[in-house]
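*Asks:* output the structure for:
(2 chains)
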Number of protein chains: 2
Amino acid sequence: MNIGILGAGNVGGTLARAWARRGHEIVIGVRDPDSPKTRETVEGCGGKARAGAVEEAARCEVMVNALPFAATKEALQALNLSGKVLLDCANPLKRDMSGLEIGTTTSGGEMAAQWARGAKVVKIFNSTGYNNMADPNYGGVPLTMFYCGDDTDAKRIAASLARDIGFDPVDAGPLSNARLLEPVAMLWIWLAIQGGMDHAFGFKLLTRT
Amino acid sequence: MNIGILGAGNVGGTLARAWARRGHEIVIGVRDPDSPKTRETVEGCGGKARAGAVEEAARCEVMVNALPFAATKEALQALNLSGKVLLDCANPLKRDMSGLEIGTTTSGGEMAAQWARGAKVVKIFNSTGYNNMADPNYGGVPLTMFYCGDDTDAKRIAASLARDIGFDPVDAGPLSNARLLEPVAMLWIWLAIQGGMDHAFGFKLLTRT
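*Replies:* Below you'll find the model as predicted:
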């Protein structure tokens, strides 16, 4: 397949090398095809990639947007992409990477903390089905239970209660990260219902051994 | 530990039974302690649980909100929870469970689709680090790559490109579900940076075998 990649950063470069190894033909679309970073990426693709203008990349069968989100609008609007397959890898991150710039505004967890005045709220047991709470053991592997909150002791208790019933608890930060864990829950629900996966699945955070 | 659970639905009931098996003492706080559902849950806890008013449940060391989100505000505001540990399991779902009622408004993926007029946008390769794109193999287990979009053919191509480089692709629905996959990405980023997990981890959707 001919794959055009916008951007030669970490994501674009990694995908280019990985696909090149599998025999795909890559065009890396950048402003400066002769930059050291771009050259390095092209060389890492063993003859299966070349660098060119973004318009050249946009002629490929499949396009990949591996630009930072802040550069995405200008780049995409300048191209004719009608009918194209465009794989979008950009995330609308805040400059300090502390959160998403758009799309998330508040969370049920934060609202619960406003309502339960003075309580030490931990968002937990929200991101998987109750069937998994009954049995989080997947062939010897415990599902992950993400939790977040602003009180260290409350989080310690929450984690131990999750571990008690067989989960692998993972600290997902402050309560404002309920803005992330609630969408994780919604993803589980979507896959279960609309996605037709029923309930016999769950999320696991894997680490390299 | 004394655990007070608000709500005796699927989540509350399941957690009660699971913790009871581990020797915790449960108080299920409900409006009607004599309802068949509540009785069934209490019986399933083998002498380790009783049902009572929500105020009784709120006297426990740890409180769990297992009410629907729509019932959460009234319930929490009516209680004195100052200093309490409150585990919040509620998700602000729309009535038809098609999405979150609050917190998510749009996504980078949907904006990209507006900018790339006519393109068949698939959100993919956004929810894990580039190191994992270089090597998604975790001891023989491929990481999951979630993707979403509105065009079937474009999604098929996206999935095959993910499979090509070693991922287990999972269809996460329409492009509007980028509202879920971008927070999943943000969770990965938070864990990697603020969470101090570095980059040697990734998400896997496990299914029962």
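*Asks:* by mean pLDDT, which helix or strand of chain A comes out lowest?
*Replies:* Taking mean pLDDT, DSSP states H and E as the measure, the helix or strand of chain A with the lowest value is helix A:108-115, at a mean of 81.
*Asks:* would you say A:Asn177 is within a strand?
*Replies:* No: applying DSSP: H, G, I helix; E, B strand; the rest coil, one finds A:Asn177 to be helix, outside a strand.
*Asks:* who's in contact with the closest residue in space to it that isn't next to it in sequence?
*Replies:* Of all residues not flanking A:Asn177 in the chain, A:Cys148 sits nearest, at 4.1 Å (CB to CB, 6 or more residues apart in numbering or on different chains). Where you see a C-beta, it was placed from the backbone N, CA and C, and this is true even at glycine. By CB atoms under 8 Å, 6 or more residues apart in numbering or on different chains, the contact list for A:Cys148 reads A:109, A:122-124, A:155, A:171-178, A:180-181.
*Asks:* who is A:Cys148 paired with across the strands?
*Replies:* Per DSSP bridges, the residues bridged to A:Cys148 are A:Lys123.
*Asks:* pLDDT score for it?
*Replies:* At A:Cys148, the predicted lDDT confidence score is 92.
*Asks:* ok, now how distant is it from B:Asp171?
*Replies:* 27 Å (CB to CB, to the nearest Å).
*Asks:* and for A:Asn10?
*Replies:* 26 Å.
*Asks:* got it, and A:Ala8?
*Replies:* Distance of A:Ala8 to B:Asp171, given as CB to CB: 29 Å.
*Asks:* more crowded one of the two?
*Replies:* Shown here are A:Ala8 and B:Asp171; by other CB atoms under 10 Å in any protein chain shown, A:Ala8 has more neighbours (26 against 18).
*Asks:* so where's chain A uncertain?
*Replies:* A:97-99, A:102-103 (pLDDT under 70).
*Asks:* spatially central residue in it, please.
*Replies:* Closest residue to the average C-alpha location of chain A: A:Asn91 at 7.9 Å, with CA atoms, centre = their mean.
*Asks:* state the helix or strand in which the closest residue to that one other than its chain neighbours lies.
*Replies:* Using CB to CB, 6+ apart and skipping residues adjacent in sequence, the residue nearest A:Asn91 is B:Ala185, 4.8 Å away. Per DSSP states H and E: B:Ala185 is located in helix B:178-192.
*Asks:* packing partners for the helix or strand following that helix?
*Replies:* Sequence-wise, the next helix or strand downstream of helix B:178-192 (DSSP H and E) is strand B:201-207. Judged by 3 or more CB pairs under 8 Å, 6 or more residues apart in numbering or on different chains; DSSP states H and E, the packing partners of strand B:201-207 are strand A:201-207, strand B:144-149, strand B:168-171, helix B:178-192.
*Asks:* between those, which gets nearest to A:Trp115?
*Replies:* helix B:178-192 (22.5 Å; CB to CB).
*Asks:* please save the CA atoms from the closest one in PDB.
*Replies:* Taking Å, rounded to 0.1, in the frame of the first residue of the first chain, the C-alpha atoms of helix B:178-192 are listed here in PDB:
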ATOM      1  CA  ALA B 178     -12.700  10.000  19.300                       C
ATOM      2  CA  ARG B 179     -14.300  11.800  22.300                       C
ATOM      3  CA  LEU B 180     -13.400   8.500  24.100                       C
ATOM      4  CA  LEU B 181     -10.200   7.500  22.400                       C
ATOM      5  CA  GLU B 182      -8.600  10.900  23.000                       C
ATOM      6  CA  PRO B 183      -9.100  10.700  26.800                       C
ATOM      7  CA  VAL B 184      -7.700   7.200  26.600                       C
ATOM      8  CA  ALA B 185      -4.700   8.700  25.000                       C
ATOM      9  CA  MET B 186      -4.500  11.400  27.700                       C
ATOM     10  CA  LEU B 187      -4.700   8.700  30.400                       C
ATOM     11  CA  TRP B 188      -1.700   7.000  28.800                       C
ATOM     12  CA  ILE B 189       0.200  10.300  28.700                       C
ATOM     13  CA  TRP B 190      -0.700  11.100  32.300                       C
ATOM     14  CA  LEU B 191       0.500   7.700  33.500                       C
ATOM     15  CA  ALA B 192       3.700   8.000  31.500                       C
END
